[in-house]
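Student: Okay, sequence plus prediction incoming.
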Amino acid sequence: MAKDYYGILGVSRDATPDELKKAYRKLAREFHPDVNPSSEAHEKFKDINAAFEVLSDPQKRQMVDLGGDPLAPGGGGAGPAGGAGPFMGFQDIMDAFFGGGGMGAGGGRGPRPRRRPGSDAVLRLDLELSEAAFGMESPITVDTAVVCGTCEGSGAADDTQPETCDTCGGAGEVQSVQRTILGQVVTARPCPACSGYGTIIPHPCGKCGGDGRVRTRRKLTVKIPPGVEDGMRIRLAGQGEVGPGGGPAGDLYVEIREKPHDVFTRDGDDLHCKLRLPMTAAALGTRLTVSTLDGEEQVDVHAGTQPGSTLRIRGAGVPKLRGGDARGDLFVHLDVRTPTKLDPEQERLLQELAVLRDEEIVEPVRGNGFFSRVRDAFNGHA
């Protein structure tokens, strides 16, 4: 059964080339071996690349839409593998009618380039709240593919060059004539000797093995702008994976991970914190010293402040990303605490206060508690 290449990329069957590319890049970043080293992710990454290779080729996509699999032996199993015998496989028929040389034609698609663009890479960077708020320059270490310094991307050993393939003559494909129910059909396939490149490397570079690139660890510096948030990505153009054959490098994305703060919680550009306040201070009013990202600041608590009240310090939050000097605010949530234990003198003073305020006085519970009294009432001892 042919693979569901559309399902692998998560796109509809009428997806545009731009939609295919967008879906591919998103999945490739998630399952790239540098980001997710698990074996399951490695297999998924191979399927994603295969799906994009098929669906980005109009001819191969046409085969998929007609029920075939251009990557399967025999083009989907509709005929003998390799097209041998008096009948053609599905791949052969599709090649004949949709660009594989045509009936009696001699044209082909030509060799595929050894030098191809590289993939994007993702690196996660942990930042403290203050670093994300005010920005910084951070050194990072990336492990990516770079151009092989020995062969400079050619893949060939010193003093050698890739040579034209003798099998296909540099065309990158070979043709065959087969008999079908429609008559004789000339089909073209990628050359098995050179894998469709049109050239072979008889003496591969000893350092890169003919790939034209090697993996190495590099040190870079990334500039973090003020106001970045958790999950944001900073793009470093051309700092990703170098492509096969020394092809142009993809981009490197630095993904921000903001560490939790001991005091503040962040909501966009605003900060929130909680401050405990004694009942007497809330009733009488006071002046508090509040810690902010910029240092300490004095704020006034008005007399009669109620539990759950919030103080707002304007401009003490996080700088707005690309917002110039604009900043969010700091919200201080007051947690008014009522004393849980009073000595006799404190009880007397509070009772006197209640009398002065003409408030109802509730007799303090001593000895057995409330639940004991309820129990005694049910037992007939109340």
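Tutor: That came through fine.
Student: for the protein, where's the lowest mean pLDDT among helices and strands?
Tutor: helix 90-97 (a mean of 43; mean pLDDT, DSSP states H and E).
Student: Give me the next element, helix or strand, following it.
Tutor: Once the chain leaves helix 90-97, the next helix or strand it forms, by DSSP states H and E, is strand 121-127.
Student: Just the mean pLDDT for that following strand, thanks.
Tutor: For strand 121-127, mean pLDDT rounds to 94.
Student: Stretch 285-294 now?
Tutor: Mean per-residue pLDDT for stretch 285-294: 92.
Student: Over to stretch 65-85?
Tutor: 54.
Student: do the same with stretch 155-172
Tutor: Averaging pLDDT along stretch 155-172 yields 90.
Student: Mind listing residues that contact the lengthiest helix in the chain?
Tutor: Identified as the longest helix of the chain according to DSSP state H is helix 39-55. Contacting residues not belonging to helix 39-55 are listed as 3, 5-6, 8-9, 11, 15, 20-21, 24, 27-28, 31-33, 35, 60-61, 64, 70-71 [CB atoms under 8 Å, 6 or more residues apart in numbering]. For glycine as for every other residue, the C-beta is placed from the backbone atoms N, C-alpha and C.
Student: Off-centre distance for that helix?
Tutor: Taking CA atoms, centre = their mean, to the nearest Å, the mean C-alpha location of helix 39-55 is offset from the chain mean by 17 Å.
Student: Can you give me the buried ones in it?
Tutor: 41, 44-45, 48-49, 51-52, 54-55 (16 or more other CB atoms under 10 Å).
Student: got it, and stretch 194-205?
Tutor: Neighbour count says stretch 194-205 has 194, 196-201, 204-205 buried, by 16+ other CB under 10 Å.
Student: Just flag the most distant two among those.
Tutor: Longest distance between any two of those is 20.5 Å, between G196 and C205; criterion CB to CB.
Student: just to revisit the earlier point, kindly reformat the buried residues of stretch 194-205 as a markdown table containing pLDDT.
Tutor: Below are the buried residues of stretch 194-205 laid out as a markdown table (pLDDT from 0 to 100):
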| residue | pLDDT |
| --- | --- |
| C194 | 89 |
| G196 | 89 |
| Y197 | 90 |
| G198 | 90 |
| T199 | 92 |
| I200 | 92 |
| I201 | 92 |
| P204 | 92 |
| C205 | 92 |
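Student: E152: which of those is nearest?
Tutor: Using CB to CB, the buried residues of stretch 194-205 come closest to E152 at C205, 9.4 Å.
Student: Would you check how far apart that closest one and A156 are?
Tutor: 6 Å (CB to CB, to the nearest Å).
Student: And D47, by the same measure?
Tutor: Distance of D47 to A156, given as CB to CB: 32 Å.
Student: same deal with P17?
Tutor: In terms of CB to CB, P17 sits 34 Å off from A156.
Student: who's more crowded, the two?
Tutor: Between P17 and A156, counting by other CB atoms under 10 Å, A156 is the more crowded of the two (22 against 11).
Student: mind listing what the more buried one touches?
Tutor: 162, 201, 203-205, 210.
Student: low-scoring stretches of the stretch 251-382 of the chain, by residue?
Tutor: 361-382 (pLDDT under 70).
Student: where's K60, which helix or strand?
Tutor: K60 belongs to helix 58-65, assigned by DSSP H and E.
Student: for Y24, same thing?
Tutor: helix 17-31.
Student: Just want the angle from that helix to helix 58-65.
Tutor: 80 degrees (axes from the mean of the first three to the mean of the last three CA atoms, to 10 degrees).
Student: can I assume Y197 is in contact with G155?
Tutor: No: Y197 is not in contact with G155 according to CB atoms under 8 Å; the separation is 10.1 Å.
Student: Can you pull the residues that touch both of the two?
Tutor: By CB under 8 Å, 6+ apart, Y197 and G155 have these common neighbours: R114.
Student: Surely A281 forms part of a helix?
Tutor: Yes: assessed with DSSP: H, G, I helix; E, B strand; the rest coil, A281 lies in a helix.
Student: From G308, how far off is it?
Tutor: Taking CB to CB as the criterion, A281 is separated from G308 by 15 Å.
Student: Looking at the two, which is more packed in?
Tutor: Set A281 next to G308 and count neighbours by other CB under 10 Å: A281 wins out with 18 against 9.
Student: nearest spatial neighbour of the more buried one, skipping sequence neighbours?
Tutor: Among residues not flanking A281 along the chain, V301 sits closest, at 6.7 Å (CB to CB, 6 or more residues apart in numbering).
Student: hey, what's the one you found bridged with?
Tutor: Beta bridges link V301 to T286 when assigned by DSSP bridges.
Student: give the contact list for it.
Tutor: Taking CB under 8 Å, 6+ apart, one finds 277, 281-282, 285-288, 311, 334 in contact with V301.
Student: Likewise for C168?
Tutor: Neighbours of C168 in contact, by CB under 8 Å, 6+ apart: 111, 174, 191, 193-194, 198.
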